[in-house]
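J.: Quick one: sequence and predicted model below, then my questions.
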Amino acid sequence: MRQKFQHYHADLQAVDDRRLNPSEAADLDSIINRSRRQVLKGGLALAAFGLFGTSLAGCQRPAPGTLPAASPLLGFSGVAAQTGADFDRVLVAAGYRAEPFLRWGDAVLDHAPPWQEDASQDWQAQLLQAGDNHDGMHFFPFDDAPNSHGLLVINHEYINPTLHSNGFSYTDLADGRRQRPLAQVRKEQAAHGVSVLEIRREADGQWRRVAGSRYHRRITAMTPMLLSGPLAGDPRMRTASDPSGTRVLGTLNNCSMGVTPWGTYLTCEENFHNYFVNRDAADHASRPTHQRYGIGQGQRSAYYAWESVDPRFDATPDEQQPHQGHVNEPHRFGWVVEIDPFNPDSTPIKRTAMGRLGRECSVVTLDDDGRMAVYSGDDARGEYVWKFVPDGRHDPANPAASRDLLDSGTLYAARFDEDGSGQWLPLIWGEQGLTPANGFADQQAVLLNARGAADQLGATPMDRPEWVAVHPLTREVYVTLTNNRERGERLPLDAANPRPDNQHGQILRWREAGGDPTATTFEWDLFLLAGDQPGATGADGQPLPANLIGTIQGDIFSSPDGLAFDGDGRLWIQTDSDDEATHTVNTGCNQLLCADPQSREVRRFLVGPRGAEITGITWTPDYRTLWINVQHPGISYPASDGRSRPRSTTVVITHEDGRVIGS
């Protein structure tokens, strides 16, 4: 099974992560020379900038290769990296238990049939079962027993060939297109989206799905949804199947997420471009909303070739149909989708005021007076870091009044300056070149092509910005930049993205001016550069080049992706490196690590099976139960028998004595 499908994820990742940003930043030779020297010698020390006030002041970085005093936050013994080609399990720190909880194909709804080892279940069965490639998730507690009873909401990002008994079936046509079986496409659509489950920790200490719950729900690529905000009903959102431009079928490529203070779930549509094709070359070239977002073009089919049986994924204009057929269908994806997990009859809502991106996450931070900011990364090479500030304020005494708070506000893109300062650039029509002369007819056009608007404003192209996390006590904001092998070749180096051929990635952090989440300026620094320790050698025994050496104090890793804080301020880091590649020979399989923001010590808590990304993270309110996801394992996890079909799996982690995770 592994041999047959092992290259699929790498191929899809190459499509997902390709550079779509055509902009070229100004000449940054002085920045390159200065920042590279600083970072490769040990990073941009916070004290050098005088940043972050008393909470982080004086946090000088130790010399590379030397550890600070053991962090009082990190109360576990780290586990070793695993580099074996046949490592097929989850290894967790001593004293902890890591057990499979929910696998692809397990029952979500009560009448779901059992999963079949040969993956022969049809699409109607898949509609009732957990989808594929578990990603971002959140535990919503019930008031009666918040640490032992709640709703677990899980994203299902995309699908693997193992979804079908013998992988994807294609028929290559003479004109270069591909034909797909309808039954396969429907099953793939059913395996996308979100699962909602009611779960409970029972008397024996085991967490289980609650049978007969009214809350169990599957949301898929076929679930009806509403469009709200500035683009609801806009002519650019209308299609032959939805002349009103207010309703859309389904959500796609749900990667990370966010949670609102009023108790709803924000799932984010990331690499939606893989599902669409526009075969009219002239029309494609005239639409920045297609071109700038990577919508497929030419006679070849879209990556999944769904358009061969589902016409809404064929975005080629058709003059014979209302609204030119489905040319606007890609406009209806790339949004934040708000879901009320406590109301299984509610309709998910796509919030267009927040802008259209290949959005990785929507992380909310709330000021004491109810003002909010929602942070996001746009996960592709050379894309941006974002913030959305609603016009209104959240009133915890009246949470129902916040239900439409995300329908009005200001979207910002970040500029990271050389001196450690930063600016939030507002995407406001009519200002800073966002005018008809530059292709922006109105505010709706700005939101529909937010990437192009950020190009115009001069935001900083980043090394694949992904998850964002906000410190629960200090409100410092952290973002993972996973990697970018085109940095220095097609994208210039700069202070925030200082390494050429950046194979290992970095983590940045910033503090908003005055600690105000709605501020338009901030100060930032590089928390760490991922990669090997100084003096490390590759598989050939030769010293690794400088661009593969990091500044990590403690256990090394590559390609940070998932990111979250627990209640005590521990920073949890999840990785998504290509562990088949030689450049990760020393970091091994993907992992979950924990860092102390003050000392910067990093310690490895968990290692996953070969071929898997470690992603998705959530806790009970007392932080004594932790869930993470093992996505697209390349080996027979969780069966570990070397023969079974691998299954993306949610894993539940507890300590043998019930202590707080990581303490």
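T.: Arrived safely.
J.: Okay, now the sheet partners of the strand or helix carrying Thr618, with direction.
T.: Using DSSP states H and E, Thr618 sits within strand 613-619. According to DSSP bridges, strand 613-619 forms sheet pairs with strand 626-631 (antiparallel).
J.: Identify the residues contacting the partner strand?
T.: If you take Cβ atoms under 8 Å, 6 or more residues apart in numbering as the criterion, strand 626-631 is touched by 90, 101, 133-135, 137, 139, 152, 154, 157, 574, 592, 606, 608-609, 612-619, 637-638, 648-654, 661. In short, each C-beta sits where N, CA and C put it, glycine included.
J.: let's go with 6 Å and repeat that
T.: 133-134, 592, 608, 612-613, 615-619, 648-653, 661 (Cβ atoms under 6 Å, 6 or more residues apart in numbering).
J.: With stretch 173-193 instead?
T.: Outside stretch 173-193, the residues that reach it (Cβ under 6 Å, 6+ apart) are 123, 126-127, 131-132, 156, 159, 163-164, 169-172, 219-222, 251-252, 299-301, 305-306, 308-309.
J.: Got a quick ChimeraX command for the buried subset of the residues you listed?
T.: Here is the ChimeraX command that selects the buried residues among the contacts of stretch 173-193 (16 or more other Cβ atoms under 10 Å):
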select :123,126,127,131,132,156,159,163,164,219,220,221,222,251,252,301,305,306,308
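J.: Out of the contacts of stretch 173-193, list just those in helices.
T.: Trp123, Gln126 (DSSP state H).
J.: Just the ones of the contacts of stretch 173-193 in strands?
T.: His156, Thr171, Asp172, Ile219 (DSSP state E).
J.: Least confident secondary structure element in the protein?
T.: Among the helical and strand segments of the chain, the one scoring lowest on mean pLDDT, DSSP states H and E is helix 46-49, with a mean of 29.
J.: any idea how far the closest residue to Ile573 other than its chain neighbours is from Glu360?
T.: Residue nearest to Ile573 in three dimensions, not counting chain neighbours: Leu593, with 4.6 Å by Cβ to Cβ, 6 or more residues apart in numbering. Going from Leu593 to Glu360 by Cβ to Cβ, to the nearest Å gives 19 Å.
J.: partners of the helix or strand harbouring Leu226, with directions?
T.: For Leu226, the host element (DSSP H and E) is strand 224-228. Its sheet considered, strand 224-228 pairs with strand 247-249 (antiparallel), strand 349-351 (parallel) by DSSP bridges.
J.: Including mean neighbour count and mean pLDDT, could those go into a markdown table?
T.: Listed next are these as a markdown table, based on neighbours: other Cβ atoms under 10 Å; pLDDT from 0 to 100:
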| stretch | mean neighbour count | mean pLDDT |
| --- | --- | --- |
| strand 247-249 | 19 | 98 |
| strand 349-351 | 25 | 98 |
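J.: could those strands go into a markdown table alongside distance to Lys187?
T.: Below are the strands paired with strand 224-228 laid out as a markdown table (distance: least, Cβ to Cβ, whole Å):
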| stretch | distance to Lys187 |
| --- | --- |
| strand 247-249 | 16 |
| strand 349-351 | 24 |
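J.: between those strands, which one is nearest to Arg332?
T.: Relative to Arg332, the nearest member of the strands paired with strand 224-228 by Cβ to Cβ is strand 247-249, separated by 4.3 Å.
J.: now the strands for the stretch 551-663 of the chain?
T.: For the stretch 551-663 of the chain, applying DSSP state E, counting those that start in this stretch gives strands covering 553-554, 560-565, 571-575, 591-595, 601-607, 613-619, 626-631, 649-655.
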